[in-house]
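Peer 1: Fold the following for me, if possible:
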Amino acid sequence: MVRIGVTGAMASGKSTLARRFRERGADLVDGDALGWEVLRLPEVMAAIREAFGEDVIDRQGEVDRGRLGKIVFADPDQMTRLNAIVQPRLKDRVRATLEEPGATVKVLDAAMLTTWRLEPELDGVVEVVASEDARARRLRAARAFSDEEARGRIQGQKIPAVRGARRHWKVENAGDKTQLLARADEIWEEIQSLAEAIGPKT
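Peer 2: Residues are numbered from 1 along each chain as shown. Next up is the predicted model:
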């Protein structure tokens, strides 16, 4: 099995590229979906409630990610506090999921990949990048954010550079989805060749 990470800042287009790999036959490990699972763990919810107050818990008793996001993206210290609660558990869950049997290629879609320093554990990393203007435009369209809120979210997300990757593909996503998918297909061909060269992996 070949394990490939896909990373990039919010609204860069990384998930679009990762889903293309799934269409081509990869198993997709969705870091955001796993993050939702971790947020529902009783011990995590209790820690978040204690750290951030009742206002970040919705009427269904779950973490209100919108309200929590407004707090942590506006204050680096609060983001650090949240990460200390969530990230160790999420990283463990990601690692366990990557070890599960499945397709020949397993793809991890996770903005936090470089924060976790998982690059050396993977066979390659695809990094999707885009300008702040393009990303702000996408956030406004997708989430009905104001420009100020979109840029605040973007500037509040700090992601370390890719380091120690066995293979590193960098994709510039200027906004043309067709071009992004075409580049994804090119990289997929390289990944397929890599899978054939490596063979079964335990």
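Peer 1: And the strands in this protein?
Peer 2: All strands of the chain, identified by DSSP state E, fall at 2-7, 27-30, 105-109, 124-129, 168-172.
Peer 1: so which of those comes closest to residue 80?
Peer 2: Within the strands of the chain, the stretch nearest residue 80 is strand 2-7; the backing value is 19.9 Å (Cβ to Cβ). Glycine gets a C-beta too; all of them are placed from N, C-alpha and C.
Peer 1: and residue 41, how many neighbours?
Peer 2: Residue 41 is flanked by 14 other residues according to other Cβ atoms under 10 Å.
Peer 1: so what pLDDT did the spatially closest residue to it that is not a sequence neighbour get?
Peer 2: Using Cβ to Cβ, 6 or more residues apart in numbering and skipping the chain neighbours, the partner closest in space to residue 41 is residue 89 (6.8 Å). Note for residue 89: predicted pLDDT of 95.
Peer 1: residue contacts, residue 89?
Peer 2: 38, 41, 44 (Cβ atoms under 8 Å, 6 or more residues apart in numbering).
Peer 1: can you rerun that using 10 Å?
Peer 2: Going by Cβ atoms under 10 Å, 6 or more residues apart in numbering, residue 89 touches 34-35, 37-39, 41, 43-44, 47.
Peer 1: Also residue 174?
Peer 2: Counting by Cβ under 10 Å, 6+ apart, residue 174 has contacts 13, 129-131, 134, 180.
Peer 1: want to throw these into JSON lines with neighbour count?
Peer 2: JSON lines is the format used below for these (neighbours: other Cβ atoms under 10 Å):
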{"residue": "13", "neighbour count": "25"}
{"residue": "129", "neighbour count": "17"}
{"residue": "130", "neighbour count": "23"}
{"residue": "131", "neighbour count": "13"}
{"residue": "134", "neighbour count": "16"}
{"residue": "180", "neighbour count": "22"}
